[in-house]
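>>> Fold the following for me, if possible:
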Amino acid sequence: MARPKQQHYVTRAYLEGFLRPFAQHLVCYGRGRGPFRRSPEDLACQRNYYALKKEDGTWDDSVEKLIGSEVEAPGLPVIQKLASGKTRLTWQERNRVALLIAFQEMRTPTARERARAFSRILNERVLREIKAADPDQNSFEIGGKHGTSTVTLGDMIKAHETICDDHSMEIHRSLMGSAIKLSDHYRYMRFTVHYPSGKAEFITTDSPVIRVFSGTESLGTGINRSDVEIRFPLSRKAFLTLTHDLRLVENLERADSAKRSRLLKRLPETRVKHLTDSEVAAFNKAHARHAHRWLFASEEIEWAAAVLSDASAAPQILDLSSENLIHFQSRVNYDPKIDSVVK
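Sure thing, here's the model as predicted:
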């Protein structure tokens, strides 16, 4: 049996949740393209996206198989359960969907580009600083939890080249490691499932998991921000948001170890909200603005081409280093007020 060469970075079975009954194709828009119709089988995929190149020239598909068996197979039924209106989850179900959301956030081309952009600007900054101080210096000491080690400039350059190789393990190890850490936070966050109260339906994109911030701070897009909202369309009829339970955070900060353990064992409630057509449109526009290249919907959308004509609102990494400090920050490029129905 021939191995599948096209590998999805957005799960096919997930995309099928945006099809209308008996439909076989989604309506697709790209930046400067569309609308056109395609089957979920042919969307959000790339040739050998997860495949590792072996020394004999053949392909190792173990990464794709691992994601399929350990993330998608356990997590997709929970998405479908929430999309159907059943919101009472067990801890196991909450853990499974948190892992799926975190992996979906970290497995896209957007995530890869962001990791590589950070590696590139870090390398450029460090190499420039070292050569400015001593043109003949070829290595430096780096500190870690196990002490210091010597890193050559050649090692730095090689590490960046490796993370830019789609078919090396390093990019997968980096992003999958981040996903596992994220999921441990997402499992404790407040889940709210939003359902349309009118005829409007949700869309999705090639970057289905986005972060939106309600505050005015323009720097920092980490989940440590109290105003972060993780957004993930579940289907054309359901949308999930994750926010911090600030009361829980406050109680955890004051609790001793025993009480902290008890608080973390409490199964959080999943909240439900019903949205007007205007509110659904606001959620959809926010997602479209964060798309890497593609938007997927159950029907043609009047505003899609105009929104996708702008640059992506996904966060950007800035080099804010000074003479005495190497410092990088991510910048928020989206204000939810521009799409809000409450101005």
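>>> Okay, now the unreliable bits of the stretch 201-343 of the chain?
341-343 (pLDDT under 70).
>>> quick one, helices of the stretch 1-150 of the chain?
With DSSP state H, counting those that start in this stretch as the definition, the stretch 1-150 of the chain shows helices at residue ranges 12-15, 62-67, 73-83, 91-106, 109-133.
>>> among the ones you listed, which is nearest residue 249?
Using CB to CB as the measure, helix 91-106 is the one of the helices of the stretch 1-150 of the chain that comes nearest residue 249, at 16.9 Å. From N, CA and C alone the C-beta is placed, and that goes for glycine too.
>>> per-residue confidence averaged over the closest one?
Averaged across helix 91-106, pLDDT comes to 98.
>>> Now do that helix against helix 109-133, angle only.
For helix 91-106 and helix 109-133, the angle between their directions (axes from the mean of the first three to the mean of the last three CA atoms, to 10 degrees) works out to 60 degrees.
>>> tell me what helix 91-106 is packed against?
Counting contacts by 3 or more CB pairs under 8 Å, 6 or more residues apart in numbering; DSSP states H and E, the secondary-structure elements packed against helix 91-106 are helix 73-83, helix 169-186, strand 228-235, strand 238-243.
>>> one more time with 10 Å, if that's ok
Applying 3 or more CB pairs under 10 Å, 6 or more residues apart in numbering; DSSP states H and E, one finds that helix 91-106 contacts helix 62-67, helix 73-83, helix 109-133, helix 169-186, strand 190-196, strand 228-235, strand 238-243.
>>> Any chance of JSON lines for the ones you listed, columns distance to residue 16?
As requested, these are arranged in JSON lines below (distance: least, CB to CB, whole Å):
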{"stretch": "helix 62-67", "distance to residue 16": "17"}
{"stretch": "helix 73-83", "distance to residue 16": "10"}
{"stretch": "helix 109-133", "distance to residue 16": "21"}
{"stretch": "helix 169-186", "distance to residue 16": "22"}
{"stretch": "strand 190-196", "distance to residue 16": "19"}
{"stretch": "strand 228-235", "distance to residue 16": "9"}
{"stretch": "strand 238-243", "distance to residue 16": "14"}
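>>> List the beta-bridge partners for the nearest residue to residue 239 once chain neighbours are set aside.
Closest residue to residue 239 apart from its sequence neighbours, by CB to CB, 6 or more residues apart in numbering: residue 194 at 4.3 Å. Counting by DSSP bridges, residue 194 forms beta bridges with residue 239, residue 273.
>>> count of neighbours near residue 194?
22 (other CB atoms under 10 Å).
>>> same deal with residue 216?
Quick note: residue 216 (other CB under 10 Å) scores 8 neighbours.
>>> repeat for residue 318
Burial of residue 318, expressed as a neighbour count using other CB under 10 Å, amounts to 14.
>>> returning to that earlier point: the helices and strands packed on helix 91-106: lowest mean pLDDT?
For those, mean pLDDT drops lowest on helix 109-133, to a mean of 89.
>>> what packs against that one?
Packing partners of helix 109-133 (3+ CB pairs under 10 Å, 6+ apart): helix 91-106, strand 139-144, helix 153-163, helix 169-186, strand 316-319, strand 328-331.
>>> Looking at the helices and strands packed on helix 91-106, which is nearest to residue 9?
Closest of those to residue 9 is helix 109-133, at 6.5 Å (criterion: CB to CB).
>>> in that closest one, what counts as buried?
Of the residues in helix 109-133, 109-112, 114-115, 119, 122-123, 126, 130 count as buried by neighbour count, 16 or more other CB atoms under 10 Å.
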